[in-house]
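> Provide a 3D model corresponding to the input given below.
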Amino acid sequence: MRFRVRVEDGEMSIVDSQVVDSALVMPPTLHGDYAYEVTDGTRLLHADSLPDLGVVRSFSDPNGTREQLRHHTYRESTYEFDVRVPAEELTRAALSKIAVVLYRVKEHAPTRNLTTALPLGVQFERELREVTRVSRIPPDALPSSLRRTPRARSTT
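Take a look at the predicted model:
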């Protein structure tokens, strides 16, 4: 499952979702300035790095003014990124426990491998700082093909 996540004024929300038919592989280590994790409260379901999150770059204009000859980089206050999680973990009962957390990497993470035994915030407590989180996945954030509606009760 792939969720499209937006961070606006420090608040994170899920804006879209899509079922992706492919294997989900967690990277061995973290790299870049940001990372995210998806947990079920105790277990790490998936994590990945987010290099250059919210960074916009412009190219220089070789025929432009002196100011346009420079390469410009700035950070946006609203940005989006993709979060991946194994679809089989998104049962109706589990949605209220699943959290998506965005971290800033304040120090380069050690080269030790990620493990699903512990959330990133525990594995890299010294190197990561929480930026924002979504504390539960609302059922309407799932694609309609994954939403399970309760059976109607018989009145007889």
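
> all contacts plus neighbour counts: C-alpha atoms, from now on.
Will do.

> okay, stretch 91-107 in CSV with CA atoms only?
In CSV, the C-alpha atoms belonging to stretch 91-107 read as follows (Å, rounded to 0.1, in the frame of the first residue of the first chain):
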residue,chain,number,x,y,z
THR,A,91,-6.9,-4.7,8.8
ARG,A,92,-9.8,-2.7,10.1
ALA,A,93,-8.9,-3.6,13.7
ALA,A,94,-5.3,-2.5,13.2
LEU,A,95,-6.0,0.9,11.6
SER,A,96,-6.5,2.7,15.0
LYS,A,97,-3.0,1.5,16.2
ILE,A,98,-1.0,2.3,13.1
ALA,A,99,1.1,5.4,13.2
VAL,A,100,3.1,7.2,10.5
VAL,A,101,6.0,9.3,12.0
LEU,A,102,8.2,11.7,10.2
TYR,A,103,11.7,12.2,11.6
ARG,A,104,14.5,14.7,11.0
VAL,A,105,17.9,13.0,11.0
LYS,A,106,19.9,15.3,13.2
GLU,A,107,23.1,13.2,13.0
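
> Each with direction, which strands does the helix or strand of the chain with the lowest mean pLDDT pair with?
Lowest on mean pLDDT, DSSP states H and E among the helices and strands of the chain sits strand 72-75, with a mean of 72. Paired neighbours of strand 72-75 in the sheet (DSSP bridges): strand 55-58 (antiparallel).

> Now the strand it pairs with - C-alpha only, PDB.
Once non-C-alpha atoms are left out, strand 55-58 reads as follows in PDB (Å, rounded to 0.1, in the frame of the first residue of the first chain):
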ATOM      1  CA  VAL A  55      13.600  21.100  -1.000                       C
ATOM      2  CA  VAL A  56      13.200  22.900  -4.200                       C
ATOM      3  CA  ARG A  57      16.100  23.600  -6.500                       C
ATOM      4  CA  SER A  58      16.300  25.900  -9.500                       C
END
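
> Residues contacting it, please?
By Cα atoms under 8 Å, 6 or more residues apart in numbering, the list of residues contacting strand 55-58 from outside reads 71, 72, 73, 74, 75, 76.

> can you give me how far that strand is from the chain middle?
Centroid displacement of strand 55-58 relative to its chain, using Cα atoms, centre = their mean, to the nearest Å, is 20 Å.

> Just give me the neighbour total for residue 95.
17 (other Cα atoms under 10 Å).

> Measure how buried residue 40 is and give me the count.
Residues near residue 40, counting by other Cα under 10 Å: 19.
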